[in-house]
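1. fold the following and give me the result.
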Amino acid sequence: MNKFTATVKEIQSNNSLNIVSFDFNGLELSMMSLDLDSSIHIGSKVKLGVKSTSIAVAKEFNGVISYSNQLNAVVKTLDDGKLLSSINAEVNSSLFEAIITSKSVNRMNVKVGDSVTLFIKASELFIVEVCND
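-> Residues are numbered from 1 along each chain as shown. The predicted structure follows:
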């Protein structure tokens with residue numbers, strides 16, 4: 001699982017639905033949540049998480065897509081397995097692991113050093129812990 005620290009930038013609420021925006025080293029990330037702990041407020045530092053299997057990878061992406069979180073990254077390591085591959089990509093000095101099919105890695109011809117875009121749906125991002133009150 002990927003874990004990284006961010007700061008709550010904005011909270012939009014409607015009934016029990018919350019859209020929370022975060023500042024992650026100058027990048028904006030969004031999370032959709034049905035339950036939001038009352039200790040979370042604008043300015044809170046939190047540790048966010050996302051499963052490695054919930055990160056999509058694109059190479060030479062040019063277009064519009066509904067994924068709220070789009071991170072430009074550089075592939076640092078690639079562990080190409082028989083069925084699945086693990087891509088470790090760096091975003092603002094933080095490493096993110098994406099696990100995708102080896103067929104996709106081969107189709108996209110992903111190599112170490114390539115620029116890629118990591119996509120994370122707002123519903124796949126979650127708060128692991130609140131770092132301060």
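
2. what residue lies at the spatial centre of the chain?
-> When Cα atoms, centre = their mean is applied to the chain, the residue found nearest the centroid is Ile120 (4.6 Å).

3. which residue, other than its chain neighbours, is closest to it?
-> Nearest non-adjacent residue to Ile120, counting by Cβ to Cβ, 6 or more residues apart in numbering: Asn69, 4.0 Å away. For every residue, glycine as well, the C-beta is placed using N, CA and C.

4. who are the neighbours in contact with that neighbour?
-> By Cβ atoms under 8 Å, 6 or more residues apart in numbering, the contact list for Asn69 reads Leu29, Ser30, Leu118, Phe119, Ile120, Lys121, Ala122, Leu125.

5. how many neighbours does Ile11 have?
-> Summarising burial for Ile11: neighbours were counted as other Cβ atoms under 10 Å, giving 16.

6. bridge partners for it, pull those for me.
-> The residues listed as beta-bridge partners of Ile11 by DSSP bridges are Val20.

7. residue ranges for the helices of the chain, please.
-> Secondary structure of the chain, counting by DSSP state H: helices at 102-108.
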